[in-house]
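# Coordinates for the following, if possible.
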Amino acid sequence: MKVNSLGLPIKETEILVAELNILLSSFQVYYQNLRGLHWNIRGKRFFDLHLKFEELYNDSQLKIDLIAERVLTLGGIPFHTFDDYIKNSKIKVGKNIHNDEEAITLIVNSLTELLKVERVILLQSGTIDDEGTNSMMSDFIKEQEKTIWMMKAWLEEEM
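Numbering: from 1, shown residues only. Now for the predicted structure:
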């Protein structure tokens with residue numbers, strides 16, 4: 001089996017890079033959705049949600065950079081065009097959302113889709129002993145599960 005300079009199997013690493021690019025694309029759409037929610041939210045909860053959405057998109061921006069840098073570390077090329085993002089994202093585009101409950105529901109649904117991709121990556125990275133990717137996915141998953149719990153509590157929904 002051929003390995004790269006990180007000691008990871010080349011073929012499996014290429015598959016992992018493809019999944020990371022799907023995650024990158026999905027995060028880019030999620031990020032842009034959050035920007036739209038931040039700009040367009042209306043109603044009595046405006047002040048709280050406006051700040052929360054800003055917090056979430058700032059966090060997403062950091063994660064986007066981490067994912068792209070991981071792709072580069074593994075020898076791949078991160079997607080970087082809107083065309084690539086739209087074609088490869090697992091996240092639904094939210095457009096003109098002003099309502100608080102609709103906004104929070106979009107976030108919960110988006111995070112649920114991100115978790116699905118992250119768990120695939122976690123499994124793949126664990127299989128090839130890629131601790132760098134594995135650790136990053138574990139951190140993302142833990143944080144996003146908590147955010148889903150909080151958002152569902154806000155919606156007064158069960159997990």
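# so where's this protein shaky on pLDDT?
Scanning the chain for pLDDT under 70 picks out no residues.
# Surely M150 forms part of a helix?
Yes: counting by DSSP: H, G, I helix; E, B strand; the rest coil, M150 is part of a helix.
# how much space between S110 and M136?
For S110, the distance to M136 equals 19 Å [Cβ to Cβ, to the nearest Å]. For every residue, glycine as well, the C-beta is placed using N, CA and C.
# between those two, which one's more packed in?
Remark: of S110 and M136, S110 carries more neighbours, 26 against 22, as counted by other Cβ atoms under 10 Å.
# starting at the chain centroid, how far to the helix or strand harbouring the more buried one?
Taking DSSP states H and E as the definition, one finds S110 inside helix 100-127. How far helix 100-127 lies from its chain's middle: 6 Å, per Cα atoms, centre = their mean, to the nearest Å.
# Ok, stretch 51-66 next?
Taking mean C-alpha positions (Cα atoms, centre = their mean), stretch 51-66 and its chain are 10 Å apart.
# ok, for the spatially most central residue of the chain, nearest residue in space, not its chain neighbours?
Most central in the chain under Cα atoms, centre = their mean is F27, positioned 3.8 Å from the mean C-alpha point. For F27, ignoring the flanking residues on the chain, the nearest one in space by Cβ to Cβ, 6 or more residues apart in numbering is I64 at 5.0 Å.
# residues in contact with the one you found?
Shown in contact with I64 (Cβ atoms under 8 Å, 6 or more residues apart in numbering): 24, 27-28, 31.
# just L106 next, same as before
L106 touches 33, 37, 92, 94, 97, counting by Cβ under 8 Å, 6+ apart.
# How many residues are close by the nearest residue to the last one once chain neighbours are set aside?
Looking back up the chat, that one is I97. Nearest-residue entry for I97: A103, 5.2 Å, with adjacent residues in sequence omitted and distances by Cβ to Cβ, 6+ apart. A103 has 26 neighbours, counted by other Cβ under 10 Å.
# could I have the helix or strand containing I86 exported to CSV, CA atoms only?
I86 belongs to helix 82-88 when assigned by DSSP H and E. Extracted C-alpha coordinates of helix 82-88, given in CSV (Å, rounded to 0.1, in the frame of the first residue of the first chain):
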residue,chain,number,x,y,z
PHE,A,82,-19.9,29.0,-5.7
ASP,A,83,-20.6,26.6,-8.5
ASP,A,84,-18.7,23.8,-6.6
TYR,A,85,-20.5,24.7,-3.3
ILE,A,86,-24.0,24.6,-4.8
LYS,A,87,-23.3,21.3,-6.7
ASN,A,88,-21.8,19.5,-3.7
